[in-house]
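In: Sequence and predicted structure, then a few things I'm wondering about:
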Amino acid sequence: MSNDFTITRGSDILRKPVWFIGLLSMMLVLAFMIAKGGLVAGVGIILVPGMITAVSFIFKIPRVGLIFIYLLNYIVLGLVRYVKGIPLGLSIDGILIMIYLALFFKSFFEKVPWKNAKNDLVVLAGVWFAYAIFQLVNPEAVSRVAWFYAMRGVAFYMLLIIPILFIVFNKQKDLDLFFKMWACLALLGSFKGIMQKHFGVDPWEQAWLDGGGELTHILFGKLRVFSFFSDAGQFGASQGQAGVVFGILALNREKWDKVKIFYGIVAFLGLYGMMISGTRGAIAVPIMGFALYTFLRKNIRVMILGALMGLMVLVFFKYTTIGSSNYTINRMRTAFDPNDASLQVRLENQRRLKTYMASRPFGGGIGSAGNWGQRFTPNTFLANTPTDSWYVMIWAEQGVVGLTLHLFILFYVLGKGSYLIMFKLRDERLKIQMMALAGGMFGIMVASYGNGVLGQMPTGLIMYSSMAFLFLAPKLDQDIADKIALEEK
């Protein structure tokens, strides 16, 4: 039986006021920070213990940092609508650098397989980043600050993310985890988009629309759904890529299990998300993605079936008026109209750029066009000439030299990846996974002609990771073969 005289009560803390004074001081500091810095500062202080824990995990297990990056990659730009005044996008840069620091310190105590990153893909990423560094001395460049912000998605993330995968995220279980994380995040993106379409936007999203977003996201009184992405263009292309990747994985999974059903749902809702985004160029993602998949299968029946389905899609959108009363279908149909007013404006902008770029083989400098140009150099020609395309942006900022190098890298990666799939890989399941990544990658490459999506979050990191896994495929294939041989002994 407990003794009432030995029970410690809250008032007993006053007998030893040190703890009480410490707690009171912490509360006063928190109140002061909230009063001065607002709620964001207070939340930041509250999150400090969690951030310290996350950092300790990254230094202990560097691959955990990649998991954090993939999660942030999807939501960080959407969070900007809710959390003002904090450069959340730089959090990914910080985690990437922390992973390298963790690997550096880890190398003093155990062997880190740096040599895994010794391959042609890492060399190409280094060459591309070196060209981005060269742009600092481009005489046409106006803002070095714009260069810092813009080069991250263009070249910096590619340079950092690819070697990390070769070093710490290079096993079959890592590839499977990558697909599962991507599927869950894509599904959340679809659900959020469906909520926006059927229940409307929340107050923070409405404030973003009122602040200028409505110019491109409210057309003829209809919302172009953007989910928690930076914009509808990125949402549409990203969900289209998810539709291709998980559609291929679901179609080729032999047994009807929960994974096949889950991937099928992700694929269907991904393609639905692409449609409700109102991003016409995004329709190129499934068309070209599945087209490459049918080619990589090396199966005449599959190729014929794929060609027939592609022809049916073309006929439906270009030569019929079926479903024109539906806004979503009607908007997608305009992507097949060569006389579309929006397309003509884009072509006219490209003609203007062609004249301007004739004497600028190295471009106007990274960050001189698009949103970064409008933010840092708003009175320049490039800042006020919409690029409306990832490749046109690369051309405008880095010239014909940069565009040629960029296209060479992309098609080299896709070409070598396709060669490995068709002629080198033996494990059927791994081949299907690589076909899915290659199809999604090719779809984004084609869609990026109409929209500047390739290097933006979340598509950029997904693309660079897909490249790394394509080049990791021979190692994964050999690991599988070794495991089978060991089991047969």
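Out: Nice, I can see it.
In: just the strands in this protein please.
Out: 218-219, 222-223 (DSSP state E).
In: least reliable of the ones you listed going by mean pLDDT?
Out: Ranked by mean pLDDT, the strands of the chain bottom out at strand 218-219, with a mean of 81.
In: Strand partners (parallel or antiparallel) of that one?
Out: The strands that strand 218-219 pairs with in its sheet are strand 222-223 (antiparallel) (by DSSP bridges).
In: List the contacts of the nearest residue to Gly247 once chain neighbours are set aside.
Out: Once flanking residues are discounted, Gly247 sits nearest to Ala267: 3.7 Å by CB to CB, 6 or more residues apart in numbering. Placement of C-beta: from N, CA and C, glycine included. Contacts for Ala267 (CB atoms under 8 Å, 6 or more residues apart in numbering) come out as Ala242, Gly243, Val244, Val245, Phe246, Gly247, Leu249, Ala250.
In: Deepest-packed of the strands of the chain, please.
Out: Mean neighbour count (mean count of other CB atoms under 10 Å) peaks for strand 222-223 among these, with a mean of 16.
In: Just the residues contacting that strand, thanks.
Out: Counting by CB under 8 Å, 6+ apart, Gln196, Lys197, Val201, His217, Gly278, Tyr327 sit against strand 222-223.
In: Of these, just say which sits nearest to Gly65.
Out: Gly65 lies nearest to Gln196 out of the contacts of strand 222-223, by CB to CB, at 31.1 Å.
In: So that closest one is in contact with Phe226, correct?
Out: Yes - between Gln196 and Phe226 there is a contact under CB atoms under 8 Å: 7.3 Å.
In: the more surrounded of the two?
Out: The residue with more neighbours, out of Gln196 and Phe226, is Phe226; 30 against 20, by other CB atoms under 10 Å.
In: contacting residues for that one?
Out: Gly193, Gln196, His217, Ala232, Gln234, Phe235, Ser277.
In: From Thr328, how far off is it?
Out: Distance from Phe226 to Thr328, counting by CB to CB, to the nearest Å: 15 Å.
In: and what of Ala282?
Out: Relative to Thr328, and taking CB to CB, Ala282 is found at 12 Å.
In: With neighbour numbers in mind, choose between the two.
Out: Taking neighbours as other CB under 10 Å, Ala282 and Thr328 compare with Ala282 leading, 32 against 16.
In: Leaving out the residues flanking it, which one is nearest to the more buried one?
Out: Nearest residue to Ala282 in three dimensions, chain neighbours excluded: Gly236, at 3.5 Å (CB to CB, 6+ apart).
In: Likewise for Leu314?
Out: Closest residue to Leu314 apart from its sequence neighbours, by CB to CB, 6+ apart: Phe336 at 7.2 Å.
In: is it possible to export the strands of the chain to CSV including distance to Met158?
Out: As requested, the strands of the chain are exported to CSV (distance: least, CB to CB, whole Å):
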stretch, distance to Met158
strand 218-219, 33
strand 222-223, 33
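In: Let me see the mean pLDDT of stretch 430-442.
Out: For stretch 430-442, the mean pLDDT works out to 96.
In: contact partners of it?
Out: Applying CB under 8 Å, 6+ apart, the contact partners of stretch 430-442 are 172, 175, 179, 241-242, 244-246, 248-249, 252, 285, 288-290, 292-293, 296-297, 413-414, 417-418, 420-421, 425, 462-463, 466-467, 469-470, 473, 476-477, 480.
In: Check stretch 466-473 too.
Out: 119-121, 161-162, 165-166, 170, 175, 178, 413, 416-417, 420-421, 424-425, 430, 433-434, 437-438, 440-441.
In: What ranges in the stretch 51-200 of the chain fall below the confidence cut-off?
Out: Residues of the stretch 51-200 of the chain that meet the criterion pLDDT under 70 lie in 85.
In: Mind jotting down where the helices sit in it?
Out: For the stretch 51-200 of the chain, the helices defined by DSSP state H, counting those that start in this stretch occupy 63-79, 90-106, 120-134, 144-151, 157-168, 172-199.
In: Give me the domain ranges for this protein.
Out: 14-60, 116-488 (the TED database).
In: looking at these, which has the lowest confidence?
Out: Confidence, taken as mean pLDDT, is least for domain 14-60 of the domains of the chain (a mean of 64).
In: Quick one, which of the strands of the chain gets closest to Glu110.
Out: Ranked by CB to CB, the member of the strands of the chain that lies closest to Glu110 is strand 222-223, at 52.5 Å.
In: returning to that earlier point: my guess is the residue nearest to Leu314 contacts Lys318. True?
Out: Yes - contact criterion CB under 8 Å: Phe336 and Lys318 qualify, at 4.1 Å.
In: Looking at these two, which is more packed in?
Out: Phe336 (16 against 12).
In: so who does Phe235 touch?
Out: Counted by CB under 8 Å, 6+ apart, Phe235 has contacts Gly189, Gly193, Val225, Phe226, Ser227, Phe229, Gly273, Ser277, Thr279.
In: Among these, which ones are in helices?
Out: Of these, the ones assigned to helices by DSSP state H are Gly189, Gly193, Gly273.
In: how many neighbours does the residue nearest to Ala150 when sequence neighbours are not counted have?
Out: Nearest non-adjacent residue to Ala150, counting by CB to CB, 6+ apart: Gly367, 3.5 Å away. Using other CB under 10 Å, Gly367 is surrounded by 28 other residues.
In: got the phi/psi numbers for Gly367?
Out: Torsion angles at Gly367 (phi, psi; degrees, to the nearest 10) stand at phi 90, psi 0.
In: Now do the contacts for it.
Out: Ala141, Ser143, Val145, Ala146, Trp147, Phe148, Tyr149, Ala150, Met151, Gly373, Phe376, Glu397.
In: So which of the helices of the stretch 51-200 of the chain is the most surrounded?
Out: In terms of average neighbour count - mean count of other CB under 10 Å - the standout among those is helix 157-168, at a mean of 23.
In: Contacts made by that one with the rest, please.
Out: Contacts for helix 157-168 (CB under 8 Å, 6+ apart): 62-63, 66, 69, 92, 96-97, 99-100, 103, 112-114, 116-117, 119, 121-122, 125-126, 128-129, 174, 455, 460-461, 464-465, 467-469, 471-472.
In: ok now that helix, how far from the chain's centre?
Out: 15 Å (CA atoms, centre = their mean, to the nearest Å).
In: same deal with stretch 162-176?
Out: Taking mean C-alpha positions (CA atoms, centre = their mean), stretch 162-176 and its chain are 17 Å apart.
In: surely Leu414 meets Met445?
Out: Yes - counting by CB under 8 Å, Leu414 touches Met445, with 7.1 Å between them.
In: follow-up on the earlier one: between the contacts of Ala267, which sits nearest Val80?
Out: Of all the contacts of Ala267, Ala242 has the smallest distance to Val80: 22.0 Å, by CB to CB.
In: pretty sure the closest one contacts Met181?
Out: No - when contacts are counted by CB under 8 Å, Ala242 is not listed as touching Met181 (11.8 Å).
In: returning to that earlier point: distance-wise, check the residue nearest to Gly247 relative to Pro458.
Out: When distance is defined by CB to CB, Ala267 is 17 Å away from Pro458.
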